[in-house]
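> Predicted model and sequence below, questions to follow.
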Protein chains: 2
Amino acid sequence: MARPTRVEITEVGPRDGLQAEPKFVPTEVKIKLINELIDAGVKRMEFSSFVSPRAVPQLADVLDVLNGVDRRKGAVLAALVPNAKGAIRAAEAGVDEMIVFVSASESHNQKNVNRSTDESLAGFAEVAKIADEAKIPVSAAIATAFGCPFEGNVPAERLGYVAKHFVDFGFKSVALGDTTGMATPPLVTRNVRYLKEHVPELPVHLHFHNTRGIGLVNVVAGLDEGVTHYDSSFGGAGGCPFAPKATGNICTEDLVYLMNEMGIETGIDLEKLMHIASEVEDAVGHPLPGQVMKAGPRLQLHGMGDVQTAVG
Amino acid sequence: MARPTRVEITEVGPRDGLQAEPKFVPTEVKIKLINELIDAGVKRMEFSSFVSPRAVPQLADVLDVLNGVDRRKGAVLAALVPNAKGAIRAAEAGVDEMIVFVSASESHNQKNVNRSTDESLAGFAEVAKIADEAKIPVSAAIATAFGCPFEGNVPAERLGYVAKHFVDFGFKSVALGDTTGMATPPLVTRNVRYLKEHVPELPVHLHFHNTRGIGLVNVVAGLDEGVTHYDSSFGGAGGCPFAPKATGNICTEDLVYLMNEMGIETGIDLEKLMHIASEVEDAVGHPLPGQVMKAGPRLQLHGMGDVQTAVG
């Protein structure tokens, strides 16, 4: 299959990148970052979450953030909703899109939201109804889609089982979440092909983490299967609760850099992204794992006197 | 072209990874690391360099390291030689292989070794003679093969020009060095194809840096062209003089992890590599960028009580 010539990148930094940061990022800084992302050309974003403020204090300001963002440019501002209560709040707030999530593996879903996957799916029927009445589209995400930190490998059939429910609910897409960085190129190929064959009506998005250093290799495996939608986080913000020293989400600038160099359009300005990533570093108060923000674009040339090179 | 089912990884950590580390790694620690690498299954290594001890004090102990390593397992211990003087020392020391290097771009070669590329190539004729008399094979490396931090893009013809000299000298292979992390998948494809067409008798090795986060993606581009030899560094040790905050060489453990998951044999034990990388962190006194050493293998499972996951 020919690789796509254009991909759509969903910036998940404001939600997935920041949610576990211990230092609260002021609401006005979040608003500024989101406005700058939109200005850089980001067309869809996970801007925040309607989960419990006690569970995720960083995102407790979801309403203020939404009300503060300049929405005239029409970028899609999507929010995570864990259940019907969250969906009602999201509908009242007027988000552009709701995102529901369930883990492919029972144990991770139990740990994450304290219910079985079937209980989560049953709850989504309610979310679908609320969203439908509010005329707000819903997309879905499957966590631990490439492996579970408690159970290990996850069969593709499990993704198919969950994804078929999403079709029934009228959801617009499914993102396969590599929650703890267990995705590998062969698993990307297997899962994408399985869903294209068994649930062809549901577009597949890919949400990789770089926990084991191969996040962008997995993107290329997705491109080889024709996938055109990828999630990433500014500066690579976000981590992995199971590996505190490891990185989390793949980095938006590094992804855009790679797409640029591969001749694949994103519509997003790399220089602006690099600037935003450095602002995110300031906001969270520690370095982020993104590489291009540190090295600069490849044709940013140096003068001969700039540095002393090591011999060899 | 079908991807290879086996690749050979040259561990360059003891030379490229350590050469710019400011803290001197004791000779006995270097010897221990090299012995452990051999025990882990590494078959070829850049173990040190015969450059001036003033230029690279970290590698001034090259003779003691060579004499201290257990060579009974037959791993190839290769050393960098910058000129005839270095080749004489390397031959006397009894290295298994010499590696000469020249930059594809004039300005980088001038900056790195203070001579033109033609002057470097002329010097290699002498090295070839010394090595031939000592019956020691020579391989070659081309720095700035995917771009120069002073000049920008480097034409493939430039690599061909240099590589043809290597054939004349009887060198056994050429490593294309991504000195400052400017390689991209299309450039990998272009350069490998050009050399296979114009200098087919010379095997091509690939030496990538992860300076802009896409080092392993470039490996996959190399696999797609049938390249079977890759350089990498333990823990991702090594940096980039042009981007002090950025990383350098691609990481051996992350590369081996990726190859394992892609079903490509390396003959190297991942668990042992992870242990060695943590020892290298101790030796250099700071964290290294490798990811798998922090996250563990993908099927290293957790208990349900181990961590609190963030919702979503």
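Arrived safely, thanks for sending.
> A:Ile31 falls within a strand, correct?
No - A:Ile31: not assigned to a strand; according to DSSP: H, G, I helix; E, B strand; the rest coil it is helix.
> For it, which non-adjacent residue is closest in space?
Excluding its sequence neighbours, the residue lying closest to A:Ile31 (CB to CB, 6 or more residues apart in numbering or on different chains) is A:Gly68, at 3.9 Å. Bear in mind the C-beta positions are built from the backbone N, C-alpha and C, glycine included.
> Tell me, what's the model's pLDDT at the one you found?
pLDDT, A:Gly68: 97.
> same thing with A:Glu265?
Confidence score, pLDDT, at A:Glu265: 98.
> How about the contacts made by it?
A:Thr5, A:Arg6, A:Val7, A:Met259 (CB atoms under 8 Å, 6 or more residues apart in numbering or on different chains).
> can you tell me how far the residue nearest to A:Ile31 sits from A:Ser48?
Counting by CB to CB, to the nearest Å, the gap from A:Gly68 to A:Ser48 is 11 Å.
> Also A:Val192?
To A:Ser48, A:Val192 is 28 Å away according to CB to CB.
> Please say which of the two ends up with more neighbours.
A:Ser48 (30 against 21; other CB atoms under 10 Å in any protein chain shown).
> just the contacts of A:Glu265 now: which is nearest chain B?
A:Met259 (10.4 Å; CB to the nearest CB).
> surely the closest one meets A:Val7?
Yes - between A:Met259 and A:Val7 there is a contact at 6.2 Å, judged by CB atoms under 8 Å.
> joint contacts of those two?
A:Glu265, A:Thr266.
> Mind giving me the packing neighbours of the helix or strand hosting A:Asp282?
For A:Asp282, the element it lies in under DSSP states H and E is helix A:270-284. Using 3 or more CB pairs under 8 Å, 6 or more residues apart in numbering or on different chains; DSSP states H and E as the contact test, the elements touching helix A:270-284 are helix A:27-40, helix A:252-261, helix A:292-295.
> can you redo those helices as CSV with mean pLDDT and mean neighbour count?
Formatted as CSV, these follow (pLDDT from 0 to 100; neighbours: other CB atoms under 10 Å in any protein chain shown):
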stretch, mean pLDDT, mean neighbour count
helix A:27-40, 98, 19
helix A:252-261, 98, 26
helix A:292-295, 95, 27
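> circling back to that earlier point, buried ones only from the contacts of A:Glu265, please, as a PyMOL command.
Selecting only the buried entries of these in PyMOL, with 16 or more other CB atoms under 10 Å in any protein chain shown as the criterion:
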select buried, chain A and resi 7+259
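> So which of the contacts of A:Glu265 belong to helices?
Among the contacts of A:Glu265, DSSP state H puts A:Met259 in helices.
> near chain B, from the contacts of A:Glu265?
Of the residues in the contacts of A:Glu265, proximity to chain B by CB under 8 Å from any CB of the partner chain holds for none.
> any chance of the contacts of A:Glu265 in JSON lines, plus distance to A:Phe234?
Listed next are the contacts of A:Glu265 as JSON lines, based on distance: CB to CB, whole Å:
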{"residue": "A:Thr5", "distance to A:Phe234": "24"}
{"residue": "A:Arg6", "distance to A:Phe234": "21"}
{"residue": "A:Val7", "distance to A:Phe234": "17"}
{"residue": "A:Met259", "distance to A:Phe234": "15"}
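> what's next to stretch A:59-74, contact-wise?
Outside stretch A:59-74, the residues touching it (CB under 8 Å, 6+ apart) are A:14-15, A:18-19, A:27-28, A:30-31, A:34-35, A:38-39, A:47-51, A:53, A:77, A:79, A:93-95.
> what about dumping the CA coordinates of it to CSV?
Taking C-alpha atoms only, stretch A:59-74 is exported to CSV below (Å, rounded to 0.1, in the frame of the first residue of the first chain):
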residue,chain,number,x,y,z
LEU,A,59,-7.4,19.4,34.4
ALA,A,60,-9.9,20.7,36.9
ASP,A,61,-10.0,24.0,34.9
VAL,A,62,-11.5,22.4,31.8
LEU,A,63,-14.4,24.9,31.7
ASP,A,64,-12.3,28.0,32.1
VAL,A,65,-9.9,26.7,29.5
LEU,A,66,-12.6,26.1,27.0
ASN,A,67,-14.2,29.5,27.6
GLY,A,68,-10.8,31.2,27.3
VAL,A,69,-9.7,29.7,23.9
ASP,A,70,-10.2,31.6,20.7
ARG,A,71,-12.5,29.3,18.8
ARG,A,72,-12.9,31.4,15.7
LYS,A,73,-10.4,29.4,13.7
GLY,A,74,-12.5,26.2,13.9
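> before we move on, the earlier item: with respect to A:Ala141, which of the helices and strands packed on helix A:270-284 lies nearest?
Closest of these to A:Ala141 is helix A:252-261, at 17.5 Å (criterion: CB to CB).
> With just CA atoms, put that closest one into PDB.
In PDB, the C-alpha atoms belonging to helix A:252-261 read as follows (Å, rounded to 0.1, in the frame of the first residue of the first chain):
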ATOM      1  CA  THR A 252       4.600  16.400  18.100                       C
ATOM      2  CA  GLU A 253       7.600  18.400  16.800                       C
ATOM      3  CA  ASP A 254       9.600  15.300  16.100                       C
ATOM      4  CA  LEU A 255       6.600  13.700  14.300                       C
ATOM      5  CA  VAL A 256       6.000  16.800  12.200                       C
ATOM      6  CA  TYR A 257       9.800  17.000  11.400                       C
ATOM      7  CA  LEU A 258       9.700  13.400  10.300                       C
ATOM      8  CA  MET A 259       6.600  13.900   8.200                       C
ATOM      9  CA  ASN A 260       8.100  17.000   6.600                       C
ATOM     10  CA  GLU A 261      11.300  15.100   5.700                       C
END
